[in-house]
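K.L.:
make a model of this:
(one chain, ligands or ions: 1)
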Amino acid sequence: MAMAYLAWRLARRSCPSSLQVTSFPVVQLHMNRTAMRASQKDFENSMNQVKLLKKDPGNEVKLKLYALYKQATEGPCNMPKPGVFDLINKAKWDAWNALGSLPKEAARQNYVDLVSSLSPSLESSSQVEPGTDRKSTGFETLVVTSEDGITKIMFNRPKKKNAINTEMYHEIMRALKAASKDDSIITVLTGNGDYYSSGNDLTNFTDIPPGGVEEKAKNNAVLLREFVGCFIDFPKPLIAVVNGPAVGISVTLLGLFDAVYASDRATFHTPFSHLGQSPEGCSSYTFPKIMSPAKALRISKEVIRKREREKLHAVNAEECNVLQGRWLSDECTNAVVNFLSRKSKL
Ligand SMILES: CCCCCCCCCC/C=C\CC(=O)SCCNC(=O)CCNC(=O)[C@H](O)C(C)(C)COP(=O)(O)OP(=O)(O)OC[C@H]1O[C@@H](n2cnc3c(N)ncnc32)[C@H](O)[C@@H]1OP(=O)(O)O
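P.N.:
So this is what the prediction gives:
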């Protein structure tokens, strides 16, 4: 796996630095070029929608809106921190400062998403207008929107660097199944905040059922296999917009995507040996093999994937079996305990 990663890094290095497609179908993309962001007009519309809200959204949301507005218009907070007794300005400063180095474009998009989540009446009326945004509700860990033939699935646990917890695994599967049947042409995965995703949420390994760690490892392997299976079988072109660092399973899965756009903040890290684990996401097969251009048309994809599907499912099953054993190993247990007790990071 380290070899595949190295090969990919080398392939990247030999390409020109701006917009590029490499053998690991990564397109290097500067954030101001991405089609994924809200336009200035969307942002202004959202500001107007806020004024039309019939219900007070509450202080927490208002602070979030304030912070995103400031970040979108002025960038990261560099104001002096208000005194402890200046409660209101301090709360505003804290909210803005908490956004850290979130890029203006992402703040603008988050502002638009937040306002649209507050405006169900405006949202439902927009469903009939072509070209306007449709947002799926019922997700705790994702923001799912559909606009102009593109369904966007955005990981939405920015405070946890979009680590994928159990709920998010299930929601991603649900969102992919819905996207495979909706009227969109392509599906895009991206992350909210400064990370694309920090990979598997390591607390997934801590909640041990009555059957003990063996049962936990077995259950996880079943879930992982089903989860990766959804990517293998996804019928439409699947695009990743890697907005920031990507770790672990969020990287390994990229081999099953049809194209990967990487912002200039994106990094890719697969810490298998550090965590005492082994490859997943079919990466033991896709990474060494993928060094050919991506073909993203749906019909081509069907022809190409048909030949590969059986093989990919077999690889997925084998990876899950091996991982099930790795999760019971001392190396893996120690690595997780070290992270959770803050002795170690990546
Ligand atoms: C039924 C259950 C289903 C389970 C299915 C199992 C399937 C397994 C799939 C395959 C297994 C593994 C593949 C992988 O993905 S391995 C990769 C795992 N990820 C990591 O090792 C990254 C760990 N995180 C870090 O090293 C650092 O957090 C960071 C990403 C480098 C960021 O560092 P930072 O200093 O900028 O930020 P930090 O303060 O550490 O993080 C902010 C908060 O986010 C929490 N957090 C970040 N990443 C994770 C994570 N992967 N798991 C859990 N929590 C994470 C971090 O703890 C902070 O939280 P808090 O503010 O302290 O509460």
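
K.L.:
quick check: N48 is in a strand.
P.N.:
No: assignment of N48 by DSSP: H, G, I helix; E, B strand; the rest coil gives helix, placing it outside any strand.

K.L.:
show me where the chain has helices.
P.N.:
2-13, 40-52, 59-74, 87-97, 104-118, 120-126, 166-181, 212-233, 249-252, 283-289, 298-326, 330-340 (DSSP state H).

K.L.:
the residue of the stretch 201-346 of the chain found nearest the ligand: what's it in contact with?
P.N.:
Taking CB to the nearest ligand atom, the ligand has its nearest neighbour within the stretch 201-346 of the chain at G248, 2.1 Å off. Quick note: C-beta positions are derived from backbone N, CA and C, even for glycine. Applying CB atoms under 8 Å, 6 or more residues apart in numbering, we find G248 in contact with 198-200, 269-271, 275.

K.L.:
which of the residues in stretch 144-164 are buried?
P.N.:
Across stretch 144-164, burial judged by 16 or more other CB atoms under 10 Å covers 144-147, 150-158, 160-164.

K.L.:
ok, which of the residues you listed also contact the ligand?
P.N.:
Residues of those in contact with the ligand (CB under 6 Å from any ligand atom): 160-161, 163.

K.L.:
and those, which is closest to P210?
P.N.:
Nearest to P210 among those: A163, at 25.5 Å, using CB to CB.

K.L.:
and the pLDDT at the closest one?
P.N.:
Note for A163: predicted pLDDT of 98.

K.L.:
report the contact partners of the nearest residue to it once chain neighbours are set aside.
P.N.:
Excluding the flanking residues, the one nearest A163 by CB to CB, 6 or more residues apart in numbering is D201, at 3.9 Å. Applying CB under 8 Å, 6+ apart to D201 gives the contacts 160, 163-166, 168.

K.L.:
please apply the same query to V322.
P.N.:
S278.

K.L.:
what's the spacing between whichever residue of the stretch 1-150 of the chain sits closest to the ligand and L275?
P.N.:
Nearest residue of the stretch 1-150 of the chain to the ligand (CB to the nearest ligand atom) works out as G100 at 9.3 Å. From G100 across to L275, the span is 26 Å (CB to CB, to the nearest Å).

K.L.:
who has more neighbours out of these two?
P.N.:
Taking neighbours as other CB atoms under 10 Å, G100 and L275 compare with L275 leading, 24 against 12.

K.L.:
what's the distance between the more buried one and Q71?
P.N.:
33 Å.

K.L.:
let me know the pLDDT of C282.
P.N.:
94.

K.L.:
run a quick neighbour tally on it.
P.N.:
Residues near C282, counting by other CB under 10 Å: 26.

K.L.:
got phi/psi on it?
P.N.:
Dihedral pair for C282: phi 70, psi 20, per degrees, to the nearest 10.

K.L.:
residue contacts, the residue of the stretch 51-200 of the chain found nearest the ligand?
P.N.:
Nearest residue of the stretch 51-200 of the chain to the ligand (CB to the nearest ligand atom) works out as G199 at 2.7 Å. By CB under 8 Å, 6+ apart, the contact set of G199 is 163-164, 246-251.

K.L.:
please tell me the pLDDT value assigned to the nearest residue to it once chain neighbours are set aside.
P.N.:
The shortest distance from G199 to any non-neighbouring residue, by CB to CB, 6+ apart, is to G248 (2.6 Å). The model reports G248 with a pLDDT of 97.

K.L.:
that'll do, ta.
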